[in-house]
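Just a sequence and a predicted model for now, questions to come.
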Amino acid sequence: MRILIAEDEPKTHRYLAQGLKEHGHVVEVAGDGIAALKLARARLFDVIILDVMLPGMDGWEVITALRSNGLATPVLFLTARDHVEDRVRGFELGANDYLIKPFAFAELLARLNNMARPQGHEGASLISIGDLRLDPLRHHVELAGRTIHMTSKEYALLMLLARRHARVVSRTLIADVVWGLDGEVSNNAVDALVRRVRSKIEPGAGGSLVHTVRGVGYILDWRERDGPHQGDES
């Protein structure tokens, strides 16, 4: 998952970021409410961990702004405010969960996984595109029944393309989601990553999956080998 942590206490956000990264998640941190809101509006996140007592804007104001902007990103309040009225207020403003500090990290992970799990029958979280199968909960990729091993960046790219199935994803968005705040990323680096992913999921697929849209970006869609597509360079 791609997770935003909005927490102003350095020890807490370092602990959270390290633990979540060790479990394979991509993490960004905002130290105040204004920065958190800006990041949540500008980037794609699967979950936001939000403290209530933030400088600039408090957590109540941040989630109110998010929901009023139509952003439905799941929000977990992680706060020392343990009064019933605080928890009720959080849910009324649109929070998906509420966890009191101090907390057990294992419980936090379980709650985050539950929030990210689509509602419905077992296996609803699986993404299937042609012969490609992705299981976000297990961080697992299969092609025609064969497990595909990927680096963290390759997996992040594939998940981004899969979640925007049949829609063009720009190089700028790919750089933003995959590399985050690591610095400026060239189009050549993005193209090289796409080539690596394509080389892993194209052979033996029985069709083509990753397509280049000239001057725009990339699209993940299942097509027969001979199926042309306007503007496609692949």
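Arrived safely.

Would you confirm that K21 contacts V29?
No - using Cβ atoms under 8 Å, K21 is not in contact with V29; the gap is 11.0 Å. Every residue, glycine included, has its C-beta placed from N, CA and C.

Quick one: residues in contact with the lowest-mean-pLDDT helix or strand in the chain.
The helix or strand of the chain with the poorest confidence is helix 171-179; it has a mean of 79 (mean pLDDT, DSSP states H and E). Identification of contacts with helix 171-179 by Cβ atoms under 8 Å, 6 or more residues apart in numbering yields 2, 26, 42-44, 153, 156-157, 160, 185, 187, 189-191, 193-194, 217-218.

Excluding residues flanking it in the chain, which one is nearest L220?
Nearest non-adjacent residue to L220, counting by Cβ to Cβ, 6 or more residues apart in numbering: L161, 3.7 Å away.

phi, psi of that neighbour?
L161 has phi and psi values of phi -60, psi -40 when expressed as degrees, to the nearest 10.

where along the chain do the strands fall?
2-6, 26-30, 47-50, 75-79, 97-100, 127-129, 132-135, 140-143, 146-147, 169-170, 208-213, 217-223 (DSSP state E).

give me the number of residues near K101?
Per other Cβ atoms under 10 Å, the neighbour tally for K101 reads 12.

Please parse this protein into its domains.
2-116, 127-223 (automatic domain parsing).

Could you tell me the least trusted of those?
Lowest mean pLDDT of those: domain 127-223, a mean of 83.

Start and end of that one, how far apart?
16 Å (Cα to Cα, to the nearest Å).

The lengthiest helix in the chain: which residues count as buried?
Using DSSP state H, we find that the single longest helix of the chain is helix 187-201. Neighbour counts over helix 187-201 (16 or more other Cβ atoms under 10 Å) mark 189-190, 193-194, 197-198, 200-201 as buried.
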